[in-house]
Structures are given as C-alpha cells and as structure tokens.
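> Starting from these lines, generate the structure:
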Amino acid sequence: MIKLNSSRVIQAPRWLCFELIRNVDVHAAAVPEIKARPESGRKSGALHFGECTEWSAIYFGVRFRITMEVTDFDWPIRYAERNRRGLFQVFQHNYQLASIDSNRTVLNDCLSFESGYGPLGRYVDEWILAPRLSRALETRMTAIKTWAEDGSWREWISDEDAKQLIPEETI
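Now for the predicted structure:
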C-alpha cells in the first residue's frame with residue numbers, strides 16, 4: 001500500500017479548515033485539472049458521518065469513478081473517508097487537525113491507496129499513480145490553505161453557517 005502525506009500550517013481557525021476539507025464543492029474546485037465532479041450521493045455542501053459521494057475525475061484522459069464514504073468524523077479534530085467501490089482496492093483519506101492557537105491550524109492529510117492488481121498493480125501504484133496523486137494532494141492542500149487564509153472560503157461557507165459553528169465574535 002502507498003501512503004502519501006501532506007501537511008500545512010494554515011493561518012485560520014481549526015473549525016474553518018475542517019469545514020473546507022469536508023465540503024464537496026471545495027473538493028471539486030481544489031484540483032481543476034482532474035475535473036472532479038460529484039455524480040451521486042451528496043453533490044454539494046458539507047459531508048457528514050456515513051454519507052457517500054460518487055466522484056468522477058479524469059486521469060490519463062479517462063474519466064474514472066469512485067464512491068467515497070465518510071468513515072470517521074470528530075469535529076473539528078479528525079475526518080476520514082474511504083472508498084466503497086471503484087477502481088482501487090483501498091483508497092482512504094485521513095485528516096488530522098491541530099490548533100496551534102486560535103487562528104493557526106496544522107492540517108495533516110494522509111492518502112493511502114492500493115490498486116490491488118498484483119505485482120503489475122504495485123508497479124503502477126508506485127511509479128505512475130503515486131506521483132500524480134501526490135501532485136493532486138499538494139494542489140488541494142495549497143488551495144485549502146489559500147482559501148482559508150484569504151477569506152474566499154465564504155464562496156462555500158456562508159457567514160450564517162459559520163455563526164452556527166462558532167461564536168460570532170471569532171468570525
């Protein structure tokens with residue numbers, strides 16, 4: 001199994017980073033080159049424990065599908081999703097969020113995957129898929145950091161929704 005890790009210190013509160021990582025619209029927008037789009041299940045807004053989204057994305061000029069389910073949810077500390085069906089035997093995102101202070105967060109993302117096609121699959125995982133998925137992971141983390149820090153997060157999370165999540169004076 002391949003494990004890819006990415007970490008960012010984000011100048012934003014932990015609750016905001018958590019809301020961005022679980023938002024379907026943010027996920028679709030964060031890596032534009034793969035043209036990810038939700039096909040079924042939750043197609044917009046924030047995912048909750050047990051919910052699924054079937055995604056399609058373009059890799060190598062081919063549109064692939066994968067159904068992801070939220071399998072761990074401890075707001076705003078931990079979030080995980082895992083494939084229920086699709087091309088991979090295992091495809092799992094595990095996010096950990098830690099507050100440095102009230103306006104700085106460490107966001108850690110660990111993506112684990114395995115195609116499951118024997119020795120050829122292990123070769124493809126390591127030499128073809130890992131570099132592409134690593135770039136996508138880094139692009140997504142950079143987008144989340146940028147959006148959290150520059151205020152453009154409001155495109156996906158309204159002030160009304162934010163007020164329900166945290167005390168008003170911290171918005």
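> Which parts of this protein are strands?
When secondary structure is read from DSSP state E, the chain shows strands at 2-10, 37-41, 52-59, 62-74, 78-86, 90-101, 104-114.
> nearest to residue 132, of those?
Evaluated over these, closeness to residue 132 peaks at strand 52-59, with 6.5 Å, by CB to CB. In this view, the C-beta of every residue, glycine as well, is placed from N, C-alpha and C.
> Without its sequence neighbours, what residue ends up closest to residue 76?
residue 18 (3.7 Å; CB to CB, 6 or more residues apart in numbering).
> count of neighbours near the nearest residue to residue 50 once chain neighbours are set aside?
In this structure, residue 50 finds its nearest non-sequential neighbour in residue 70, 6.2 Å apart by CB to CB, 6+ apart. Residues lying near residue 70 (other CB atoms under 10 Å) number 19.
> Next: residue 140.
Neighbours of residue 140 under the rule other CB under 10 Å: 23.
> What of the one 4 residues further on?
Summarising burial for residue 144: neighbours were counted as other CB under 10 Å, giving 24.
> Surely it and residue 30 touch.
Yes: using CB atoms under 8 Å, residue 144 is in contact with residue 30, at 6.6 Å.
> give the contact list for residue 145.
8, 10, 107 (CB atoms under 8 Å, 6 or more residues apart in numbering).
> wait, what's in contact with the first one?
Residue 8 makes contact with 106-107, 141-142, 144-145, according to CB under 8 Å, 6+ apart.
> Could you do the second one as well?
Taking CB under 8 Å, 6+ apart as the definition of contact, the neighbours of residue 10 are 17, 104-107, 144-145, 148-149.
> for the helix ranked longest in the chain, which positions count as buried?
Ranked by residue count under DSSP state H, the longest helix found in the chain is helix 130-150. Using 16 or more other CB atoms under 10 Å as the test for burial, helix 130-150 gives 130, 133, 136-137, 139-141, 143-145, 147-148.
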